[in-house]
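Peer 1: fold the following.
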Amino acid sequence: MSELSLPTLGSFPGRLLRLYSGLALYGVGVALQIESHIGGSPWDVFHQGLAVHMGLSIGVWTILVGALVMLLWIPLRQRPGVGTISNVVFLGLFADAAIWLVPTPEPLAARWAYLLLGVVTTGAATALYIGAGLGPGPRDGLMTGLNRLGLSIRLAKTAIEITVLAAGWLLGGTVGLGTVVYALAIGPLTQFFMPLMRPKG
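Peer 2: This is a model prediction of the structure:
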């Protein structure tokens, strides 16, 4: 009788496991930042602002905005992958589920703990689903598409983040010290987690 062979992390099933684990973990990170009420990533501020101003949940707006951003890929000649479609469909669902499950803390110390844990979780989750190598998320694809048109990655990312942050703030999203913490920490955290999340086989 042969032994049951489990998929390695470098196989396609293993990469799918990494992708969906990363998206689920990212949803938890989003929920922790939202429930801290100290501020979060520019995109989360935008989704929150849409939810406050126009109704529907943050997760639903995450899905709708992701789908609309993907339409912008067409003139940029970007090609979505399995990870791209999964990001659009599942990230919002995971975020809504986590927001529903995570209690809102009252003490300021607990809110800061939520925020910091959320930022670290988001960094780990980003490394996990990017490491799956199944296509960028719609928002990252917009950045790389603008880069193909001649904008530097830094300029493209900065322009996108400032635009959505300003729009989210105008719509009523929470902008605060947490937004600054996220902006300063997410890059180094993702870089730190990338080699740790790389499949070994």
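Peer 1: how about the helices of this protein, start to end?
Peer 2: 12-36, 42-54, 58-71, 73-76, 82-101, 108-131, 138-148, 153-171, 177-197 (DSSP state H).
Peer 1: can I get those in TSV with mean neighbour count and mean pLDDT?
Peer 2: Glycine gets a C-beta too; all of them are placed from N, C-alpha and C. Output for those, formatted as TSV (neighbours: other C-beta atoms under 10 Å; pLDDT from 0 to 100):
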stretch	mean neighbour count	mean pLDDT
helix 12-36	22	94
helix 42-54	22	93
helix 58-71	19	94
helix 73-76	12	81
helix 82-101	20	95
helix 108-131	20	93
helix 138-148	19	82
helix 153-171	16	87
helix 177-197	16	86
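Peer 1: got a list of what the closest residue to residue 65 other than its chain neighbours touches?
Peer 2: In this structure, residue 65 finds its nearest non-sequential neighbour in residue 47, 6.4 Å apart by C-beta to C-beta, 6 or more residues apart in numbering. Contacts for residue 47 (C-beta atoms under 8 Å, 6 or more residues apart in numbering) come out as 58, 61, 62, 65, 168, 173.
Peer 1: could you do residue 116 as well?
Peer 2: So residue 116 contacts residue 181 (C-beta under 8 Å, 6+ apart).
Peer 1: swap in residue 86?
Peer 2: Under the criterion of C-beta under 8 Å, 6+ apart, the neighbours of residue 86 are 19, 20, 23, 134.
Peer 1: let me have the residues you listed in CSV, extended by distance to residue 51.
Peer 2: Formatted as CSV, those follow (distance: C-beta to C-beta, whole Å):
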residue, distance to residue 51
19, 26
20, 24
23, 20
134, 28
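Peer 1: which of those residues sits closest to residue 35?
Peer 2: Of all the contacts of residue 86, residue 35 sits closest to residue 23, with 18.8 Å by C-beta to C-beta.
Peer 1: mind listing what that closest one touches?
Peer 2: Taking C-beta under 8 Å, 6+ apart, we find residue 23 in contact with 86, 87, 90, 91, 94, 125, 129.
Peer 1: circling back: just give me the closest of the contacts of residue 47 to residue 193.
Peer 2: So of the contacts of residue 47, ranked by how close each gets to residue 193 (C-beta to C-beta), first place is residue 62, at 21.7 Å.
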